[in-house]
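1. my questions are about this predicted structure, shown below with the sequence.
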Amino acid sequence: MKTLFIDTKVKIKVDKSKIEEISKKLPKNIAITYSIQYKDIAYKIKDILSRGHKIKKFSQILGCTIPKFSRDTRAILLITDGRFHGISLAYETKLPIYILEDNKLERVLSKEIEILKKRQKASYIKFLNAEKIGIIISTKQGQENIKKALDFKKKLKDKESYLFISNNIDTREFENFQIDSWVNTACPRLDMNSSMINLNKLKL
């Protein structure tokens with residue numbers, strides 16, 4: 001069975017005067033990223049900002065990728081809705097992240113990053129004290145890491161471990177299993193809103 005992907009588009013008019021005003025709050029060297037539904041809008045905003053800024057990178061952001069930015073990038077402008085991607089980008093890049101939604105600019109706050117760090121620290125401690133480990137594996141293209149999961153399972157000498165394979169991972173289902181700690185080998189951002197820990201955060 002073939003899978004058909006159809007891009008959806010947000011119907012928002014770009015207010016040129018507002019974007020020009022917003023540009024004054026941004027440093028000279030910036031990167032612009034966007035969610036796919038904001039692609040057309042992102043191109044229009046790029047054209048406006050290019051007059052006063054150096055656009056070091058212009059790309060779509062995906063939930064399961066961690067983009068790289070040049071060293072001279074001073075901030076990232078994220079065109080999207082919500083704060084999920086913004087918080088993860090701020091945590092991963094250590095750069096100032098500005099979220100542009102409906103012609104309004106907001107910056108990701110340091111306290112939002114601290115909340116994420118504390119959650120991840122708690123997940124790590126939970127893993128260390130766990131007796132039963134659930135290892136999450138995705139069958140989705142680009143997220144499938146069966147070999148890494150199997151290698152990790154072999155290293156868990158003092159813990160019981162179980163493999164859970166799924167196409168769509170629903171963390172609400174975790175409570176149906178007697179597992180002390182969940183280790184994620186799929187989308188690296190699944191740990192944003194759950195108690196699981198990403199495999200790359202563990203050193204065994």
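-> Yes, it's here.
2. map the structural domains onto the sequence of this structure.
-> Following automatic domain parsing, one gets these domains for the chain: 16-108, 121-201.
3. which helices and strands does the host helix or strand of T33 pack with?
-> Assigned by DSSP states H and E, T33 belongs to strand 29-34. Applying 3 or more Cβ pairs under 8 Å, 6 or more residues apart in numbering; DSSP states H and E, one finds that strand 29-34 contacts helix 39-49, strand 54-60, strand 75-79. C-beta here means a position set from N, CA and C on the backbone, and glycine is covered the same way.
4. thought L105 was touching I22?
-> Yes - using Cβ atoms under 8 Å, L105 is in contact with I22, at 4.8 Å.
5. list the contacts of the helix or strand bottoming out on mean pLDDT in the chain.
-> Across the helices and strands of the chain, mean confidence by mean pLDDT, DSSP states H and E is lowest for helix 84-93: a mean of 89. Helix 84-93 is contacted by residues 33, 35, 61, 63, 66-67, 69, 76, 78, 80, 95-97, 99, 108, 112-113, 116-117, 189, 192-193 when judged by Cβ atoms under 8 Å, 6 or more residues apart in numbering.
6. buried ones only from those residues, please, as a PyMOL command.
-> Of these, the buried ones go into a single PyMOL selection, burial set by 16 or more other Cβ atoms under 10 Å:
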select buried, resi 33+35+61+69+76+78+80+95+96+97+99+108+113+116+189+192
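7. strands - which of the contacts of helix 84-93 land there?
-> T33, I76, L78, I97, I99 (DSSP state E).
8. skipping adjacent residues, who's closest to the second one in space?
-> Residue nearest to I76 in three dimensions, not counting chain neighbours: A31, with 4.8 Å by Cβ to Cβ, 6 or more residues apart in numbering.
9. got it, and T33?
-> I61 (4.3 Å).
10. now F174
-> Nearest one to F174, counting by Cβ to Cβ, 6+ apart, is W182 at 6.2 Å.
11. partners of that neighbour in the sheet?
-> G134 (DSSP bridges).
12. mind checking the pLDDT average for stretch 147-166?
-> Average pLDDT, stretch 147-166: 94.
13. end-to-end on it?
-> One end of stretch 147-166 sits 15 Å from the other (Cα to Cα, to the nearest Å).
14. what residues sit buried inside it?
-> Using 16+ other Cβ under 10 Å, the residues of stretch 147-166 that count as buried are A149, F152, S161, F164.
15. and for the lengthiest helix in the chain, what's in contact with it?
-> Longest helix of the chain, by residue count under DSSP state H: helix 110-129. When contacts are defined by Cβ under 8 Å, 6+ apart, helix 110-129 is touched by residues 83, 87, 90-91, 133, 180-181, 183, 191-192, 195-197, 201-202.
16. noted, bye for now.
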